[in-house]
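Trainee: My questions are about this predicted structure, shown below with the sequence.
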Amino acid sequence: MTTLNPAVARVLKRLHYPLDVILTCVRWYVAYPLSLRHIEEKVAGGGIAVDHSTVHSWALMLLPGLEKAFRSRERPVGKVLSQ
């Protein structure tokens, strides 16, 4: 099991929805050209009531920490391996 970045873990402690719902909404917001209201409708289709402004606040809180965590694991691109 991997541990979360401390900055992300701090933010997640204050949230009241299940972690999988939060991360799914934030992923949809970042990965697909969906509006916040479309994400609200998609989640409501699954039986969870989330306001679009809540999804936006999740993105604002989580994205800086997630970006920092992903950037720290970034690997160099285009490096030529010697043979």
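Mentor: Structure received.
Trainee: Need the three-state assignment for A49.
Mentor: coil (DSSP: H, G, I helix; E, B strand; the rest coil).
Trainee: which residues does it contact?
Mentor: Residues near A49 by CB atoms under 8 Å, 6 or more residues apart in numbering: V43. For the C-beta atoms, the positions are set from N, CA and C on the backbone; glycine is no exception.
Trainee: how much space between it and Y17?
Mentor: Here A49 is placed at a distance of 10 Å from Y17 (CB to CB, to the nearest Å).
Trainee: And for A31?
Mentor: From A31 across to Y17, the span is 19 Å (CB to CB).
Trainee: Neighbour count: these two, which is higher?
Mentor: Neighbour comparison, A31 and Y17: the larger count goes to Y17, with 14 against 8 (by other CB atoms under 10 Å).
Trainee: Three-state assignment for that one, please.
Mentor: Secondary structure assignment for Y17 (three-state DSSP): coil.
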